[in-house]
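Student: I would like to see how this sequence folds:
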Amino acid sequence: MTLTERLTLYLQLTRLNRPIGILLLLWPTLWGVWIAGAGNPAWHIVLIFVLGTVLMRSAGCAINDFADRDYDRHVKRTRERPVTSGRITPREAVWVSVGLSLAAFVLILPLNELTLLMSFPAVFLAASYPFTKRFLAIPQAYLGIAFGFGIPMAFAAQLGSVPPVAWLMLVANVFWAIAYDTEYAMVDRDDDIHLGIHSAALLFGRYDVAAVTGCYAVTLALLSLAGQMVGLGWVYYAGLAIAACIAIYHYTLIRGRQRDRCFRAFLHNNWFGAAVFFGIVLDNLLRIRI
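Tutor: This next block holds a predicted model:
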């Protein structure tokens, strides 16, 4: 196997060729970075958290393929993944995950002790999530904690403490993750039933569309409360209004439960996260200029 072919396999293993996962992890992290930094975070903090997000998401994908290697071969969409197809060994996938996690840890070494301490549960959450689908009825909630843990870490890095608003934002991210990952699970519903894997789509059953819509509503309500706690203004709430319109659009996509439309809704969540983020950024820029 040539070096180019090997690198292509690593690209597929870490999903760097599919950036939606990075974006769904990055947006809430940036929410925390900007709010903790009062709209003007230090750029080395931004760089550390952006690079750390990319590395940890890639590490999570590698360990996910290790954990799901015996399940993925039964699903048409995943049976050609590098580990399942035998082009990368399970041990190699684990070492890739460990190496990327260590690189992410090195990134945060210049930060304070609290941030370093919080990195350990962050790694545990990322590494253990793939295994929760075997026993948790709603693993999407666990995913929301794992994907949102960058929020309290961002506050810890800049303030040396984690105020209540950070935990509130983390809970908001849990509900957002349940919403978008249920849309994703609606695509794989039949395969999950066959394989005995738990998912929110199976838990909610015929109420799945209502549950997704309700989770979007709770997410926006909690983010609205977070905005009040830190004194954000009307531009931020305009961003939340745009996010609400995006959530309504997702409802129109998933209400018929067609696989391709549910997958489109999942991918479109990038814009939901972006709307919230740019509301935070622009609101703070407006206040700085005033």
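Student: How about Pro154: what's its closest non-neighbour residue?
Tutor: One thing to correct before we go on: residue 154 is Ala, not Pro. Gly32 (3.5 Å; C-beta to C-beta, 6 or more residues apart in numbering). (Glycine included, C-beta is placed from N, CA and C.)
Student: what about that neighbour, distance to Val218?
Tutor: Using C-beta to C-beta, to the nearest Å, Gly32 is found at 19 Å from Val218.
Student: what's the burial count for the closest residue to Leu9 other than its chain neighbours?
Tutor: Distances taken as C-beta to C-beta, 6+ apart put Pro82 closest to Leu9, at 4.7 Å, once the chain neighbours are dropped. The local packing of Pro82 (other C-beta atoms under 10 Å) involves 23 other residues.
Student: just Leu109 next, same as before
Tutor: Counted with other C-beta under 10 Å, the neighbours of Leu109 add up to 10.
Student: for the protein, what spans make up the helices?
Tutor: Using DSSP state H, the helices of the chain run over residues 3-13, 20-36, 43-67, 69-72, 90-108, 113-132, 139-148, 150-159, 164-187, 189-195, 200-204, 208-230, 234-254, 259-289.
Student: quick revisit: the more surrounded of Gly32 and Val218?
Tutor: Between Gly32 and Val218, counted using other C-beta under 10 Å, Gly32 has the larger neighbour count: 29 against 16.
Student: wouldn't the more buried one be in contact with Ala156 here?
Tutor: No. Assessed by C-beta atoms under 8 Å, Gly32 is found out of contact with Ala156, at 9.6 Å.
Student: returning to that earlier point: and the helices of the chain, which one averages the lowest pLDDT?
Tutor: Of all those, the minimum mean pLDDT falls on helix 189-195 (a mean of 59).
Student: rewinding a little: over to the residue nearest to Leu9: give its phi and psi.
Tutor: Pro82 adopts backbone torsions of phi -50, psi -40, taken as degrees, to the nearest 10.
Student: Surely it touches Gln12?
Tutor: Yes. Counting by C-beta under 8 Å, Pro82 does reach Gln12; the two are 5.4 Å apart.
Student: list the contacts for Trp176?
Tutor: 28, 144, 215-216, 219, 269, 272-273 (C-beta atoms under 8 Å, 6 or more residues apart in numbering).
Student: what do you get if the cut-off is 10 Å, keeping everything else the same?
Tutor: Shown in contact with Trp176 (C-beta atoms under 10 Å, 6 or more residues apart in numbering): 24, 27-28, 140, 144, 147-148, 215-216, 218-220, 222-223, 243, 247, 269, 272-273, 276.
Student: ok, Ala274 to Thr252 distance?
Tutor: Counting by C-beta to C-beta, the gap between Ala274 and Thr252 amounts to 19 Å.
Student: so Pro28 sits right up against Phe147, yeah?
Tutor: Yes. Pro28 lies in contact with Phe147 (C-beta atoms under 10 Å); the separation is 6.6 Å.
Student: Common neighbours of these two, please.
Tutor: 53, 170, 173-174, 176-177.
Student: now those residues in CSV, with distance to Ala200?
Tutor: Compiled in CSV, the shared contacts of Pro28 and Phe147 are given as follows (distance: C-beta to C-beta, whole Å):
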residue, distance to Ala200
Thr53, 24
Leu170, 18
Asn173, 15
Val174, 12
Trp176, 13
Ala177, 10
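Student: Between Ala274 and Thr252, which has more neighbouring residues?
Tutor: Ala274 (18 against 10).
Student: what sits against the more buried one?
Tutor: Neighbours of Ala274 in contact, by C-beta under 10 Å, 6+ apart: 23, 26-27, 30, 239, 242-243, 246.
Student: closest to Trp43 among those residues?
Tutor: Using C-beta to C-beta, Leu30 is the member of those that sits closest to Trp43, with 12.8 Å.
Student: what about the closest one, neighbour count?
Tutor: Each residue near Leu30 was counted by other C-beta under 10 Å, and the total is 25.
Student: contact partners of stretch 230-237?
Tutor: Stretch 230-237 is touched from outside by 35-36, 38-39, 163, 165, 169, 220, 223-224, 226-228, 239-241, 276, 278-287, 290, with contacts defined as C-beta under 10 Å, 6+ apart.
Student: Mark which of these are buried, thanks.
Tutor: Neighbour counting with 16 or more other C-beta atoms under 10 Å marks 35-36, 39, 165, 169, 220, 223-224, 226-227, 239-240, 276, 278-284 as buried within the contacts of stretch 230-237.
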